[in-house]
Each structure stands twice: as C-alpha cells, then as structure tokens.
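Undergrad: dropping a prediction and its sequence here:
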Amino acid sequence: MEDNIFQLQYALDTFYFLVCGALVMWMAAGFAMLEAGLVRSKNTTEILLKNVALFAVSCTMYMVCGYMIMYGGDLFLSTITGDGVAGAEEAASYAPSADFFFQVVFVATAMSIVSGAVAERMKLWAFLAFAVVMTGFIYPMEGAWTWGGSAVFGMYTLGDLGFSDFAGSGIVHMAGASAALAGVILLGARKGKYGADGQVNAIPGANLPLATLGTFILWMGWFGFNGGSVLATASVESANSVAIVFMNTNAAAAGGLITALIVAKIMFGKADLTMALNGALAGLVAITAEPSTPSALQATLFGGLGGILVVFSIVFMDKLKIDDPVGAISVHGVVGLLGLLLVPVTNDGSSFSGQLIGAATIFIWVFGASFIVWFVLKMIMGIRVSEEEEYEGVDLAECGMEAYPEFSGSQ
C-alpha cells in the first residue's frame, strides 16, 4: 500500500514538474514577442533568431557541462537513464530527468534577458558565442553557490549566511541583467539614442501589440517559474503551497502594473503602455525571490514597489547613457535586487546581511566574468555591427531577410 502511494506521489510530482517546466519554456516565446515588439521593424528577424537560437544553445550547453557544474555528479547519464539522483535533494520524489528539464529552462530564461538589452546593434554570432559561455559556465557557477549549495570559492555557503532565493530573483534574473549590463557597457548606445547635449531621444518599438502579447505570455509562464519551484504538489502541504505561490505571483504582477502606470502618468503626463508592461514584469521579478510566505496584500505591495522602482530605474539608466531598448537591466537587475531584499520581511529563515552578501556574490561574479568574455569577443571578432549595417538594420546585415518585407524602408 505504501509503495502504491509513493508511486502515485512520484508520478504526480513528476508530471507537475514537467508541466511547470513547459510553462517556463513557453516564456521563451514571451521574451521573443516582447523584444520583437520593442525593437524597430528593421531589427525584428535578428531578435527572433537570437531568442530561438539562444534557447537551443542553452539547452545543449547545460546538458553538456552546465548541470554538472551546478549540481555535480554524472549528470547527463543519470538524467537520461533515470538512475540515481540528479542534483537536488528533493529529486527522489520525482524523475531526475524532470529536474534537469526544469533547471535547463531557467538557464534559457537568464540568457533571454541578455538578448533584449543588447538589441539592434550587436553581432549575432558574438551574442551566440557569449551564450555558450554564459549557459555552460558563468550561470552554472553562481547556481552551484546558491541552489547547488556549494561553498563560494571553497570558503562558505550562501545558505549558511542567511541567503534565500526561492525561484530566482537574483540567481536567474539579476544574473541575466548583470551579464547584459557588462555587454551594454562595452557595446555602447544605439546611434541617435543620446544627443550631444545629454538629450535622450525616444526610439519607439515597431509593434506594441506583440510586446503586450509577450508580456501576457511571460505572466502566464511565471506561474510555472514560481509554482514549479515548490518542487511538489502531491500532498496537502505542497498543494497549498503551490496555490499560495500562484496567488501571490499574480497579485504582484497586478500591483506592479498599476503602480508603474500611475507613476508614468505623473512623470510623463500620459499613460505609457511600455512602462505598464515593464511594471507587470517588475512585479513578477520582485515576488520571485519569495512568493510562498507573503500574504496576498503583501505580494501586491511588493509588486507595487517593483513597479515604482522600474520606472525610475529606466529613466536613471538613460541619464547614465546605458542604452537598454527593452528595459531588461532595470526590470530584471534592479528589481531583482529589490526582490532579494524583500525576502526577510516575510521569511525569518533569511537575513538582510545574507541577502546582500548573496546579491553581491552573484553580481560581482556574473558581471566580472561576463565583462571579460564580452571584452575577449570584442577583441577577437568584434561585438558591434558597422554604423552602416546598424542604419540599414541588422535583419539584412546578419540574417539576409526582413520580418516585414512589404514595409521595407519604412523605419
């Protein structure tokens, strides 16, 4: 009887894990649509190709070496055969291959954050070369120090210091933004974005319906992102936890959108759709570090703080002349840090000092390692297209085709 109960629980938890992983995989479509909507039409094909290619690169590199670095052991063989435990302590309650699948889509999410920030002026193959290193080594290393439970540089474990990140506000989102920031600094701004007198020139996206669709896809996929991180659903306790996480994830997104819309109206005098979209995403990022312990009202307030912060952050980034076409560094980096700092408010198993140390470790490692890789790529092959190619659009220069050929030359 007990064996039958265990088998049923194993099957249900594995199925739930796989469905949540599929939802997170669907977030790749959300990033693709969001970024395709926020870039100019002449750069649409390349941004779509980057998103679909980075997903394939991420899955392959994480299978080859990334998962082994992050969790140790003979990962690939144990994953495909189902023999042994692949990584997480809770893996005995579900198939090891399900754990691999769920983890690999998180890696792709982190890399997707980078693609939007460097859009419209980066060489495609330089980006993909960076993706190989990011998903095969940089991300797995900081993942080993956090979710993997390994000591940082052999000295201490972040968990022992009071660091907690339930689903990845720092480990996934801030890490992706840190890599993006390093690339943007070396890459420089798009031509015409900033005037000589410090003026910031708006460069509108080509398709706001696509950007809105992308946001809704991400919003939906986030239920798998946070909900799947409960790691189980086949008991009363875990089922209740999943329900709370879903409720709080949705509440935070709503709170973030509302506050971002209000702040944008006050600052700019208009209802800014792009700020509202980024506000929803900021609310989602803010709650990701701890969606299981806040009340619904607290989750809404935490998301609202993220929505307020992201508007000011995007404006501030422009003042620093850090050109981020989709606001990824602000949404995932600045608000990712906020999410980490909010954890101790409702989770007494964490501490502010532990969260700060963890955040600093993630940022210093990912930013530093990424800066070195971007710099080496810049020296070897160059990371930016020519001024003429940027003017004509990277679709033709990098891909040889346009997303909207019947409207060619319209932007």
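TA: Structure's in. What do you need? Numbers count the residues shown, from 1 in each chain.
Undergrad: can you show me the helices along the stretch 101-250 of the chain?
TA: Here the stretch 101-250 of the chain has its helices, by DSSP state H, counting those that start in this stretch, at 124-133, 139-145, 175-187, 208-227, 236-268.
Undergrad: for residue 324, which of the ones you listed is the nearest?
TA: Each of the helices of the stretch 101-250 of the chain has some distance to residue 324 by CB to CB; the shortest is helix 175-187, at 6.3 Å. Backbone N, C-alpha and C define where each C-beta goes, glycine included.
Undergrad: please state the offset of the closest one from the chain centre?
TA: The chain centroid and the centroid of helix 175-187 are separated by 13 Å, computed with CA atoms, centre = their mean, to the nearest Å.
Undergrad: so what's the residue count around residue 161?
TA: Residues within reach of residue 161, counting by other CB atoms under 10 Å, total 17.
Undergrad: to clarify, my last question referred to residue 247.
TA: Residue 247 - counted by other CB under 10 Å - has 15 other residues nearby.
Undergrad: OK, contacts around it?
TA: 296, 299 (CB atoms under 8 Å, 6 or more residues apart in numbering).
Undergrad: so what pLDDT did it get?
TA: At residue 247 the predicted local confidence, pLDDT, stands at 98.
Undergrad: now the element after whichever strand or helix holds residue 360, going C-ward?
TA: Per DSSP states H and E, residue 360 falls inside helix 352-380. As assigned by DSSP H and E, the chain's next helix or strand after helix 352-380 is helix 387-392.
Undergrad: dump the C-alpha coordinates for that next one into PDB.
TA: In PDB, the C-alpha atoms belonging to helix 387-392 read as follows (Å, rounded to 0.1, in the frame of the first residue of the first chain):
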ATOM      1  CA  GLU A 387      27.400  52.000 -38.500                       C
ATOM      2  CA  GLU A 388      26.100  51.400 -42.000                       C
ATOM      3  CA  GLU A 389      24.700  48.000 -41.000                       C
ATOM      4  CA  GLU A 390      23.000  49.500 -37.900                       C
ATOM      5  CA  TYR A 391      21.400  52.200 -40.000                       C
ATOM      6  CA  GLU A 392      20.100  49.700 -42.600                       C
END
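Undergrad: looking at the helices of the stretch 101-250 of the chain, which is nearest to residue 403?
TA: Shortest separation from residue 403 across these is recorded for helix 208-227, at 10.4 Å, computed as CB to CB.
Undergrad: ok now the helix holding residue 360, how far from the chain's centre?
TA: On CA atoms, centre = their mean, the centre of helix 352-380 falls 15 Å from that of its chain.
Undergrad: same check on stretch 61-73?
TA: 19 Å.
Undergrad: just stretch 382-398 next, same as before
TA: 26 Å.
Undergrad: same deal with stretch 172-183?
TA: For stretch 172-183, the distance to the chain centre is 8 Å (CA atoms, centre = their mean).
Undergrad: just the mean pLDDT for it, thanks.
TA: 98.
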